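Q: sequence? don't have it. structure:
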């Protein structure tokens, strides 16, 4: 549950419209991080975009906490900026981090492509490097690694030097 | 996105479809600015659909960061956006300093600002030279690289390296600024405005340039923001968003500069924005030169920053700290931060996760080229191939930045 100290923040209050979507939250080093129930991520993002004008998705990334379960933490960095004009600060500039903990057995979560199209490549990258499957993504395939690569390199149990060698081993 | 290579020849009812030809632009191509493969489905010379295929320069830098100590990651960051090295360094060290809660002395902050702005000029110069070369103005390339030589010599003076400087370290700078640096920077501030005037004289009112760049590669601001573009692309679409002004870092709030914008959001507007940005950067460099504070070039925190050489050679405690920092590394309190800076290409953000040990747990680089390059597919639809080269150039992406 969200600690009481955070209940005054506008984002947290807006998210009370979606009960029990926010699992936890913290403010650390001036940054607000909210943990969201993975099944509700699209609703939450749509609410934040429509009512609080979080018009930019800065990045989608993932952290692998192997061997703790749930293993993968899919991170969404949201950003709200004005959509026109802006001459001198202070202009609206709000950043928010959303986290969804996804299990390692069959990591799946819904795609937020329908909310911000910039999720396209970022989710492909998370799929490529971590193996998290994004449901309803317009074209989920590998982006950085070659198309026929096996394995997901940024997972903690994948060795730094990889499995393939281009020269014969002694 | 349907598979461009296997689209059928007839529709379901049997009528033959308008035939398009699938052409591969890249990955080896002089104008794709790196190893970028663009799959073009062409109807004559008009691009029906374009799909960007990246990953040819992926070297696993993010994975590599997890096995190096905090200080050892700095040279890796240089190589991500290899045309604006100091910007990457800055973003990473700011993130780690935020995790540590470290205060950087004012002199180091000013030198960081000054060198980052010179990096911005250097990056825009490469962009201008190569972009003009793609469109056909070959002499621009020569002039721009002549200027770049001066800047690279300056970087070499400061750090010993022309490009991969790694000059910013956690807590400040790697070395004290060298003797005579004020004169070198002063020369640059004197000469460059005249050079930028030369470039503008060659291109801005040139009818060929205007014909080839006006109206090309248009994308509305709303689309750009939705697709994740940042930097000069959105400034050329009318939004005066610059992280240096909106979320100032490293004492940028002490400098006076404008954020140039245009509204046309085409290749010409992006060109004008970047040239204007070069002039603003020169203003910042001049202000930094004139107002340079005195003081240390690096913070003075035991256990994190290497002690002064003299102290290390004479005091036992300093020697032990030096040994521990170099071999084992220092510990950073657990937590996560996201710090964004305005690199020449847009918002460069570092998301750094620490688990309290001497090595980062996860470093994610939110690179501007990755976001900007996503706009390629929608932007190139309906353009002529020649226009696509201009549009690609105006995005100013770097494949090292995109693929990491």
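A: On my side now, so go ahead. Owing to the predicted nature of the structure, the values given are computational and were not obtained by experimental measurement.
Q: quick one: pLDDT of the closest residue to chain A within the stretch 201-350 of chain B?
A: Using CB to the nearest CB, the point where the stretch 201-350 of chain B gets nearest to chain A is residue B:228, with a distance of 2.8 Å. Heads up, the C-betas are built off the backbone N, CA and C, glycines and all. In the prediction, the pLDDT value recorded for residue B:228 is 88.
Q: quick check: phi and psi at it.
A: Phi and psi for residue B:228, reported as degrees, to the nearest 10, are phi 100, psi 20.
Q: that one and residue A:98, how far apart?
A: Relative to residue A:98, residue B:228 is positioned 16 Å away (CB to CB, to the nearest Å).
Q: which residues does residue A:98 contact?
A: Residue A:98 is in contact with A:33-36, A:41, A:44-45, A:75-76, A:78, counting by CB atoms under 8 Å, 6 or more residues apart in numbering or on different chains.
Q: now, which of those residues lie close to chain B?
A: Among the contacts of residue A:98, the ones lying near chain B by CB under 8 Å from any CB of the partner chain are A:33, A:75.
Q: among the contacts of residue A:98, name the ones in strands.
A: In strands, judged by DSSP state E, the following of these are found: A:33-36, A:75-76, A:78.
Q: name the nearest residue to residue 34, ignoring sequence neighbours.
A: You didn't pick a chain, so chain A it is. Of all residues beyond its chain neighbours, the one nearest residue A:34 is residue A:25 (4.5 Å), with distances taken as CB to CB, 6 or more residues apart in numbering or on different chains.
Q: can you look at chain B instead?
A: Looking at residue B:34 with CB to CB, 6+ apart, the closest residue is residue B:399, at 3.0 Å.
Q: the one you found: what's it in contact with?
A: For residue B:399, the residues meeting the contact criterion (CB under 8 Å, 6+ apart) are B:33-36, B:54, B:56-57, B:369.
Q: which one of these has the most neighbours?
A: Of these, residue B:369 is surrounded by the most neighbours, 28 neighbours in total, counting by other CB atoms under 10 Å in any protein chain shown.
Q: distance between the worst-scoring helix or strand of chain A on mean pLDDT and the chain's centre?
A: Among the helical and strand segments of chain A, the one scoring lowest on mean pLDDT, DSSP states H and E is helix A:10-14, with a mean of 80. Relative to its parent chain, helix A:10-14 has a centroid offset of 19 Å by CA atoms, centre = their mean, to the nearest Å.
Q: kindly report the residues of the stretch 101-250 of chain B close to chain A.
A: When proximity is defined by CB under 8 Å from any CB, the stretch 101-250 of chain B lies next to chain A at B:101, B:221-222, B:225-228, B:238-241, B:245-247.
Q: check the spacing between residue B:200 and residue A:156 real quick.
A: For residue B:200, the distance to residue A:156 equals 52 Å [CB to CB].
Q: actually residue A:66, not the one I typed
A: According to CB to CB, residue A:66 stands 4 Å off from residue A:156.
Q: of these two, which one has the most company?
A: For the pair residue A:66 and residue A:156, the greater number of neighbours falls to residue A:156 (15 against 12), based on other CB under 10 Å.
Q: show me where chain A has its strands.
A: Listed in chain order, the strands of chain A (DSSP E) span residues A:22-28, A:31-36, A:56-64, A:72-80, A:94-102, A:108-110, A:133-135.
Q: looking at those strands, which is buried most?
A: Mean neighbour count, computed with mean count of other CB atoms under 10 Å in any protein chain shown, is highest for strand A:56-64 among these, reaching a mean of 25.
Q: now, which of the contacts of residue B:399 sits nearest residue A:136?
A: Nearest to residue A:136 among the contacts of residue B:399, counting by CB to CB, is residue B:54 at 22.7 Å.
Q: touching, the closest one and residue B:403? I think so.
A: Yes. Distance between residue B:54 and residue B:403: 5.7 Å, which falls inside the contact criterion (CB atoms under 8 Å).
Q: residues near residue B:255, how many?
A: What residue B:255 shows, counting by other CB under 10 Å, is a neighbour count of 21.
Q: kindly report the same for residue B:191.
A: The local packing of residue B:191 (other CB under 10 Å) involves 13 other residues.
Q: average pLDDT across the helix or strand encompassing it?
A: Per DSSP states H and E: residue B:191 is located in helix B:181-203. Helix B:181-203 shows a mean pLDDT of 91 in the predicted model.
Q: one step back: any idea how far the residue nearest to residue A:34 lies from residue A:8?
A: Plainly put, residue A:25 is 12 Å away from residue A:8 if you go by CB to CB.
Q: ok, now residue B:132?
A: Computed with CB to CB, the distance linking residue B:132 and residue A:8 is 53 Å.
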